[in-house]
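Asker: Predicted model, plus sequence, below.
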Amino acid sequence: MTARRTGFLLIGLLIVVSFFLGMMLCFAMNRKKNKDMEQLSVRLNKTERLEPDIGDSMRDLQMDMAKLWFAQKYHNHALALYELKEMEETVEDIDILKPVVNGVNVAGVMDGMKNSQLADMKRALLKHDDASFYRQYGQTLATCNECHRTSGFGFNRITIPQNPPVSNQDWAPEKEASKP
Ligand code: HEC
């Protein structure tokens, strides 16, 4: 066998071996990709079966509205502004879920409430305009209950709280806070 022939044979062998190695690598990568896709599809199926649940967000809104009332009553503006911010964040959370309940685009109405009633309450708080604040608070409650009516939950009526929603919170502004 001439050195030239051996050279050709070696190169041929090298080509064949690299071809098979390449095929095996491709096969392994494909298998991993398929497995990843399978897992992704299982997770997607699970997520799709989860109905967007806005009940938790609604209960947050109810609590924040009650706290907001007592914060304002005791002129704790920092707390009132904080509760309003919490409400805005809850509205943003609902916006992610985009729920449509009995034909009502909940996120859309909520967005409107955030940009009008909640924004007006904030403006009133910043101006220390109590009358305007209470007017807007009433408007907000009306919006809550109007949507409950139109979305088939009219039995769920939110009102001005009679008592503080919790008994372990001091409503007074920070500088006047009573020592425990
Ligand atoms: C755009 C429509 C809409 C608006 C505005 C709205 N809600 Fe709701 N709310 C709903 C729907 C729909 C449900 C029923 C949700 C469910 O249980 O699936 C609900 C349920 C509730 C519940 C019952 C939750 C429970 O399981 O105990 C409370 C409390 C509540 N809302 C409070 C409020 C408050 C407070 C506001 C205003 C600040 C408000 N909601 C504004 C649509 C709305």
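Answerer: Yep, it's here. Predicted, not measured: the structure shown is a model, and the values here were computed from it.

Asker: Could you check the pLDDT of Gly7?
Answerer: Listed pLDDT for Gly7 reads 87.

Asker: go on, Glu146?
Answerer: With respect to pLDDT, Glu146 has a value of 97.

Asker: next one: Lys73
Answerer: Per-residue pLDDT puts Lys73 at 97.

Asker: Okay, now the unreliable bits of this protein?
Answerer: For the chain, residues meeting the criterion pLDDT under 70 lie at 1, 48-52, 176-180.

Asker: Could I get the full set of strands for it?
Answerer: 100-101, 104-105 (DSSP state E).

Asker: who's in contact with the last one?
Answerer: Strand 104-105 is touched from outside by 147, 150-151, with contacts defined as CB atoms under 8 Å, 6 or more residues apart in numbering. In short, each C-beta sits where N, CA and C put it, glycine included.

Asker: chain center to it: distance?
Answerer: Mean-position distance between strand 104-105 and its chain equals 17 Å (CA atoms, centre = their mean, to the nearest Å).

Asker: same thing with stretch 108-115?
Answerer: Distance, centroid of stretch 108-115 to centroid of chain: 15 Å (CA atoms, centre = their mean).

Asker: returning to that earlier point: mind putting the strands of the chain in a markdown table, distance to Arg59 included?
Answerer: Formatted as a markdown table, those follow (distance: least, CB to CB, whole Å):
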| stretch | distance to Arg59 |
| --- | --- |
| strand 100-101 | 16 |
| strand 104-105 | 19 |
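
Asker: Adding mean neighbour count and distance to the ligand, write those out as CSV.
Answerer: Listed next are the strands of the chain as CSV, based on neighbours: other CB atoms under 10 Å; distance: least, CB to the nearest ligand atom, whole Å:
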stretch, mean neighbour count, distance to the ligand
strand 100-101, 14, 4
strand 104-105, 15, 6
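
Asker: so which of the ones you listed comes closest to Gln136?
Answerer: Closest approach to Gln136 among the strands of the chain is made by strand 104-105 (22.3 Å; CB to CB).

Asker: can you tell me how far the residue nearest the centre of the chain sits from Ala124?
Answerer: Nearest residue to the geometric centre of the chain (CA atoms, centre = their mean): Asp93, 2.4 Å. The gap separating Asp93 from Ala124 is 24 Å, by CB to CB, to the nearest Å.

Asker: before we move on, what about Asn76?
Answerer: Remark: distance between Asn76 and Ala124 (CB to CB) = 15 Å.

Asker: Quick one: the helices in the protein, in order.
Answerer: Using DSSP state H, the helices of the chain run over 3-49, 55-73, 77-97, 106-113, 119-127, 130-150.

Asker: Lys175: which of the ones you listed is closest?
Answerer: Lys175 lies closest, by CB to CB, to one member of the helices of the chain: helix 77-97, at 10.2 Å.
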